[in-house]
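Sequence and computational prediction follow.
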Amino acid sequence: QTPWATKDDLDQIYERAMKDGKYTERGYFDVNEEARTCHGEQVWAQYGIIEYDAIASMLEELNVTASDVFYDLGSGIGNVCTQVFLNTPAKTVKGIEYVPS
């Protein structure tokens, strides 16, 4: 299946989301760079950016249909959800993020 939204399209969406500055207050992470943070004594969160091609490969394997609901736990600014929403027929796409931004 040919994706409706290309990597360049999603890069533009991501750049617009990052422009207002509130997402960079905690520091910016480049593609493939990860960081860990601690919330409380025993709750750890690991985060980073998943690249377009990795998401595209995952979607090819999943074969998402119009009756599927897709959840992204730890969705960050929503780049995975955006790509799934724009490039699959999924009935519903939801992202849940714990770390405040």
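That came through, no problem. Residues are numbered from 1 along each chain as shown.

average pLDDT for the longest helix along the chain?
In the chain, with assignment by DSSP state H, the single longest helix is helix 7-19. Mean pLDDT, computed over helix 7-19, is 82.

hey, C-alpha coordinates of it in PDB?
Extracted C-alpha coordinates of helix 7-19, given in PDB (Å, rounded to 0.1, in the frame of the first residue of the first chain):
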ATOM      1  CA  LYS A   7       8.300  11.200   5.300                       C
ATOM      2  CA  ASP A   8       8.700  14.800   4.100                       C
ATOM      3  CA  ASP A   9       5.000  15.500   4.900                       C
ATOM      4  CA  LEU A  10       5.400  14.100   8.400                       C
ATOM      5  CA  ASP A  11       8.700  15.900   8.900                       C
ATOM      6  CA  GLN A  12       6.900  19.200   8.200                       C
ATOM      7  CA  ILE A  13       4.100  18.400  10.700                       C
ATOM      8  CA  TYR A  14       6.800  17.500  13.300                       C
ATOM      9  CA  GLU A  15       8.700  20.700  12.600                       C
ATOM     10  CA  ARG A  16       5.500  22.800  13.100                       C
ATOM     11  CA  ALA A  17       4.800  21.000  16.400                       C
ATOM     12  CA  MET A  18       8.200  21.700  17.700                       C
ATOM     13  CA  LYS A  19       8.200  25.500  16.700                       C
END
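
counting contacts, what elements does it pack onto?
Applying 3 or more Cβ pairs under 8 Å, 6 or more residues apart in numbering; DSSP states H and E, we find helix 7-19 packed against helix 52-62, helix 79-87. Just so you know, the C-beta spots here come from the backbone N, C-alpha and C atoms, and that holds for glycine as well.

buried ones in whichever helix or strand comes after the longest one?
Moving toward the C-terminus from helix 52-62, the next helix or strand (DSSP states H and E) is strand 69-73. Applying a neighbour-count criterion of 16 or more other Cβ atoms under 10 Å, the buried positions in strand 69-73 are 70, 72.
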